[in-house]
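1. Can you look at this prediction? I've put the sequence above it.
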Amino acid sequence: MSKGLSILLIFIFLCVIAKSQYTVSGFIKDQQSNETIVGAHVMDTISKKGFVTDQTGWYSIKFNQKAVLKITYVGYQTQYISIKNEVDTLMVIKLYQGEMLNTFEVIDQRLNRANVNSLSTKEILSAPSLTGSPDVIKAMSTLPGIQMQSEGTSLLNVRGGSPGQNLFLIDNAPLIHVNHIGGFLSVFNPDMINHVDIYKGSFPVEYGGKVSSIVNITQKEGSAAAWKGTYCFGITDISASMEGPISNKANIIITGRKTVLFDLFLFASSRFSTGGDYILRYGFYDINTKATWAINSKNKISFNIYQGDDYLTIKSKTDANDLRKNSSKNKWGNYLSSLSLKSVLKSDIYIDNSVSFTHYRLKEDQKEMEIKNNTTLFHNTFKSTVSHLNIISNWHYLINNNWQTKFGYNGSYIQHTPYNFSGNSLMFEEGKKTKSNWLNTLFLNNKIGIQTKTDLDLGVRLVSYLVDNYSKYFFEPRMQINFKANENISLNASYMHVYQTSHLLYTQGSISNNEVWIPATENIPAIFSKHTSIGIHFDLFKNIYSFDLSGYYKSMTQLASFKEGIIDIKSDMNWEELVETDGIGYSYGIEFLFKKVFGKTNFQLSYDYSYSIRKFNNINQGIYFVYDYNRPHNLSIQVGRSLNKKWSFNVLWVFQSGMPYTPVIGRQMSISTVPNSDGEIYYFETLIYGERNSARMRDYHRLDIAFQYTKPTKKRKMKSVWTFGVYNLYNRKNPNIYYFNNNATNEIYKPDLNGDFKPLDLYQLSLFPIIPNISYKVYFNATDFNKLSLKTLKKWLLLEN
Amino acid sequence: MLKYSRLWSLFILILIVFHLFSCRKIVQDEFDSFTNLITINAVLVEGDSIKVHLTFSDELNDLPLNVIADAQVEVVINHLIIDTLSYSGNGIYSIDYICCSGDNIDIHVITAQGKPIFANTIIPDSTNINATSINDNVWIDNEGNSQPALYMSIKNNPFVMEYFEVMLYSDTESISFLMNDENSETDFLEIQIPFKKGYSNSLTVELRAVSFSYYEYVRTYKLYLEGRYPEFGIGTVLPFNIYSNIDNGLGIFCAYNPSYPIQLQISN
């Protein structure tokens, strides 16, 4: 074994020892907007060695002699750059939008990244959605291995994992809560997004802390050329964005969304209805700002602020006869601020530093006032919060074209407060229970090219975790190997260990937010996962089509869940006692993705088979059960086409196996322990359930269609886009829940209260039949902006020419 | 608090989307075959005679469950007295023996259709209410009104695991509150139970010392109800089977020892 290892090390050393003479490095950007391009391919046409730009658009290649660089990216014209001066060069390369089909050639297949799916802004904007507004997470759910938890939510299950096992990063800063309106929309405003990478396995070594996926969202930096913006009216919200240069070195982008019609409808319907006793307000908002300052050609600073909340207010209607009024205010969401510094230290050393602070809170405020004296009778506040201070320093060093290394430090200070109560209720214990924990991580990754056909990624993370007086050390090895079989076929395999030091506890089926995060403690250990995957990638017809096939196996131990029967812990000081620990989970599956991305017609066929199970000692009698949201077969077909300059359409068909549910296998008599009104004990029928999740609901499928009509206005030269869509075009009644009843109304028959016998049937509740939607978006630019006046504003809004 | 949360969740649920778009319909699904088992139901009460209810369980169909009228039912009390229960109709078998604190009671049921089934319970020792009072303005109900809670102190033996149920009867509701002394090392257990004021200004309180099987039966029955009748949009407990302590069968054979009920006055 040791002899073999020595030979391998010598071999690797010989392969990488020949150091190149000079380095060409820099950033790839969009020529028009100056936004960085993530995932662009930069290749040395002679050696066929290549590089994929990272989240910052960075590339770096070494040469021994004069060379020609070839830069390609989907939707952009291929560019060739001749390197004449054999000296270290820092070069910003700008790509022009537009496709040149004739110039496509086979690129280095090793550039294909296994276990990661990417979405560009264009793909996000064109995907049909429930509300007509584009949504990142809805677009992600069309990719293999990524499933929505249930229809209408934004909770994701990746490769059999749970929703709390996904790390969402906005420019390297973690975001904790990602839903608006109970999951109808995600918190990510598409106007702000440059690129999305979803790692389903083989995580980059700088990321960790969640065991199922890393969703890395790169935000735009804002146009450096000229001011421009958008505004949009949709069913759920209105949104607006502005971006442009502050100076010749700095630019900014601001986006915001808010519910308007939705909120007003609820307010008006509850305020003026005669039946209800309450006035309701419900809505969400989010605002996001990012400012970027290029200090010089080698250093760039970015500052980002995000705040997004959902809110719900209920106030009692009062009149002259009322003595008291009461209200309940609920708010939940995130606050995030981050500062990052990206520096090119040398032409082959690039550093990405950032510090961020994220705060998630779930707050419920109850108040009762005496109207006459305006005095507070009753005031209770429940809060559940997470505060996360994160620092990361990530160094990239290109030793030579066969050896790239990444290393750095990631430190986190996290405060979990699942329970925080203040008020004058005798029912709840006043105070809070906070757990503070420290996570310190050192990481190192070496990407080594072995001859010309193989790339080996060897990485390791050393993590120390400290909470109260409990400390643990985690060792997380990561390995990935890519082998280029020929110009069109590449194979890959990967293996990794990941630990997760927090657990998300939530109640399924709840429309309001009840997501409570708890830290790993001595009694609730950190989740540990081992993940193995293999894959093969084909490029067909000069890269116009691509085909991926992959398989994975994942084990998870030390999972946590609510104890059976518990649905909430934020109102219990002793929350640790309500948590079931030491759960075990396994999942495996295969994934298939066929894609055509060039030309007027885009096509994507995605399929995955997955199986995921769980076991807890005190749940389901300690027997393994199918994971609550496991759907074995998932198929989606998406077709998009530009019909002409004005019209384009997208069609999406989704098929999924039915959700698992726990079936009824029989009936029995039960006895009341409380006498009825006649003072007698009585008997009633109850159901006998089979094993947890041992049956499946009906299969889920639907067809969505969206048409986009783009109309430039004549005088203002603004672009306006109408989106007309239909969700669930053929009105499939997909099951959301199953339940037993003796009639099809909302009223559920309760034999234990009635005491009589009525036969029961199995019913399904469907939520989303055919739903048409519409949105209207206007893009304006600097010319329009300079002419801004009330008159022109009116013309913009009305689209008068 | 939870009820209050549920209220607004329910409003959101109905008003936003689901009331407009939801649809309910019958689903035809096939379930695994089910073997009918004998179901025993008996809650023995200190100071009362023994009554046992016997039925067959069945698969989910359109027929009522059948009572068992031809079983041989025997009780063994404190491993000494063996007697046979007589059938008194509607699936009920009874005997005149009056249950006493500490009685260890076994039951054997033999029928022509299946294996003999067994169960056991012990009548718990009595307990006393040490002190009670009513605290006003403790919580807010769904209508936004302040409501009171009952404070209670119960005599406790810290060296023995004990289980209790407190029953509150008002003119609007009856509340069952379960507790045990697992984490208590004192001679008294103190609890606070929220309740709603009704039209009457009196409240009846009954304390039951219950057997472990009774405690588990009531606890799991409450969880069963949560899963059985999910309030959609609020968050549901997954389906939950009711606890059974019957060998080779289904149902419950348990006991409790009640205290004398106490009447309390509620201020308006």
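-> Everything's here; your move. As the structure is a computational prediction, the values presented were derived from the model and not from experiment.
2. what's the residue nearest the centre of chain B in contact with, if anything?
-> Residue closest to the mean C-alpha point of chain B, counted by CA atoms, centre = their mean, is residue B:218 at 3.0 Å. Residue B:218 makes contacts with A:673, B:165, B:176, B:178, B:210, as judged by CB atoms under 8 Å, 6 or more residues apart in numbering or on different chains. C-beta here means a position set from N, CA and C on the backbone, and glycine is covered the same way.
3. can you check residue B:198 too?
-> Contacts of residue B:198 by CB under 8 Å, 6+ apart are B:170, B:171, B:172, B:173.
4. My guess is the third one contacts residue B:266. True?
-> In other words, residue B:172. No. Counting by CB atoms under 8 Å, residue B:172 sits too far from residue B:266 to count as a contact (11.4 Å).
5. quick one on the thing from earlier: pLDDT check: weakest of the contacts of residue B:218?
-> pLDDT across the contacts of residue B:218 is lowest for residue B:176, at 86.
6. related to what we said a few turns ago, would you mind checking the contacts of residue B:198 for buried ones?
-> Buried members of these, scored by 16 or more other CB atoms under 10 Å in any protein chain shown, are residue B:170.
7. And the contacts of residue B:198, which two are furthest apart?
-> Greatest spatial distance among the contacts of residue B:198 (CB to CB): B:171 and B:173, at 8.4 Å.
8. since we're on the closest residue to residue A:65 other than its chain neighbours, how many residues are nearby?
-> Among residues not flanking residue A:65 along the chain, residue A:86 sits closest, at 6.9 Å (CB to CB, 6 or more residues apart in numbering or on different chains). Residues lying near residue A:86 (other CB atoms under 10 Å in any protein chain shown) number 14.
9. For residue A:86, identify the helix or strand it belongs to.
-> Per DSSP states H and E: residue A:86 is located in neither a helix nor a strand.
10. got a list of what it touches?
-> A:21, A:22, A:63, A:65, A:66.
11. so what pLDDT did the third one get?
-> Yep, that's residue A:63 we're talking about. The model's pLDDT for residue A:63 equals 77.
12. Go through the chain and flag its longest strand.
-> In the absence of a named chain, chain A is used. As assigned by DSSP state E, the longest strand anywhere in chain A is strand A:375-400.
13. Sorry, I should have been clearer: chain B.
-> strand B:129-140.
14. List the contacts of that strand.
-> By CB under 8 Å, 6+ apart, strand B:129-140 touches A:326, A:366, A:368, A:377-378, A:380, A:425-427, B:1, B:4, B:146-155, B:188, B:192, B:194, B:203, B:205, B:207, B:259, B:262, B:264-267.
15. now with 6 Å?
-> Applying CB atoms under 6 Å, 6 or more residues apart in numbering or on different chains, the external contacts of strand B:129-140 come out as A:366, A:426-427, B:146-153, B:155, B:188, B:194, B:207, B:259, B:266.
16. Tell me which of those residues fall in strands.
-> A:366, B:146-153, B:155, B:188, B:194, B:207.
17. List buried residues within those residues.
-> Buried by 16+ other CB under 10 Å: A:366, B:146, B:148, B:149, B:150, B:151, B:152, B:153, B:155, B:194, B:207, out of the ones in strands among the contacts of strand B:129-140.
18. And the furthest pair within those?
-> So, those by CB to CB: farthest apart are A:366 and B:155, at 35.2 Å.
19. quick one: the longest strand of chain A to strand B:129-140, angle?
-> Put simply, strand A:375-400 runs at 70 degrees to strand B:129-140, going by axes from the mean of the first three to the mean of the last three CA atoms, to 10 degrees.
20. and the following helix or strand past strand A:375-400, what does it pack onto?
-> Downstream of strand A:375-400, the first helix or strand assigned by DSSP H and E is strand A:403-423. Under the contact definition 3 or more CB pairs under 6 Å, 6 or more residues apart in numbering or on different chains; DSSP states H and E, strand A:403-423 sits against strand A:375-400, strand A:431-450, strand A:516-519.
21. Just give me how far the helix or strand just after the second one sits from the chain centre.
-> Sequence-wise, the next helix or strand beyond strand A:431-450 is strand A:454-467, with elements assigned using DSSP H and E. Here the centre of strand A:454-467 is set off from its chain's centre by 23 Å, with CA atoms, centre = their mean, to the nearest Å.
22. how about strand A:454-467: buried residues?
-> So, applying 16+ other CB under 10 Å, buried residues of strand A:454-467: A:454, A:455, A:456, A:457, A:458, A:459, A:460, A:461, A:463, A:465, A:467.
23. any chance of these in TSV, plus pLDDT and distance to chain B?
-> Listed next are those as TSV, based on pLDDT from 0 to 100; distance: CB to the nearest CB, whole Å:
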residue	pLDDT	distance to chain B
A:454	89	48
A:455	88	45
A:456	92	45
A:457	92	41
A:458	95	43
A:459	95	39
A:460	96	39
A:461	97	35
A:463	96	33
A:465	95	29
A:467	90	23
